[in-house]
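K.L.:
Fold the following and give me the result.
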Amino acid sequence: MARVLLFGRLSDIAGWRERDIDSPSLEALRALLADEDASLADALAAPGVQTALDQAIVRGDAALSAMSEVAFLPPMSGG
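P.N.:
Have a look, this model is predicted:
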């Protein structure tokens with residue numbers, strides 16, 4: 001199972017910060033999360049939200065393994 005982390009407002013919306021989820025790919029993981037929580041799906045699809053796989057930012061789909069760590073990161077602000 002992949003370790004899934006939500007940061008900032010994403011964890012506030014979902015009501016959790018960390019979960020282990022069995023999914024073969026990032027796209028399948030996003031679909032699973034969307035099926036569970038429409039508000040989280042909307043938040044993950046918002047501009048500026050980034051996805052990190054094993055601490056590297058990725059765009060698009062990627063295969064997951066049992067040892068994968070997926071983090072969804074909201075847009076950052078500050079100075």
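
K.L.:
List the buried residues of the helix ranked longest in the chain.
P.N.:
In the chain, with assignment by DSSP state H, the single longest helix is helix 26-36. By neighbour count on 16 or more other Cβ atoms under 10 Å, the buried set for helix 26-36 is 26, 29-30, 33. No exception for glycine: its C-beta is placed from N, CA and C like everyone else's.

K.L.:
and if you look at stretch 7-27?
P.N.:
Buried positions in stretch 7-27, judged by neighbour count with 16+ other Cβ under 10 Å: 7, 10-11, 13-14, 21, 23, 26.

K.L.:
Let me see the mean pLDDT of the helix or strand following the longest helix of the chain.
P.N.:
Downstream of helix 26-36, the next assigned helix or strand under DSSP states H and E is helix 38-44. Taken as a whole, helix 38-44 has an average pLDDT of 97.

K.L.:
Likewise for stretch 19-29?
P.N.:
In the prediction, stretch 19-29 has an average pLDDT of 97.

K.L.:
Any idea how far it is from the middle of the chain?
P.N.:
How far stretch 19-29 lies from its chain's middle: 9 Å, per Cα atoms, centre = their mean, to the nearest Å.

K.L.:
Stretch 16-23 now?
P.N.:
The answer for stretch 16-23 is 9 Å, by Cα atoms, centre = their mean.

K.L.:
Now do the contacts for the residue nearest to the spatial centre of the chain.
P.N.:
Centroid-nearest residue in the chain, with Cα atoms, centre = their mean: Phe72, separated by 3.6 Å. Counting by Cβ atoms under 8 Å, 6 or more residues apart in numbering, Phe72 touches 4-7, 10, 44, 49-51.

K.L.:
Closest one of the residues you listed to Met67?
P.N.:
Met67 has its nearest neighbour among these in Val4, at 13.0 Å by Cβ to Cβ.

K.L.:
Done for today, thanks.
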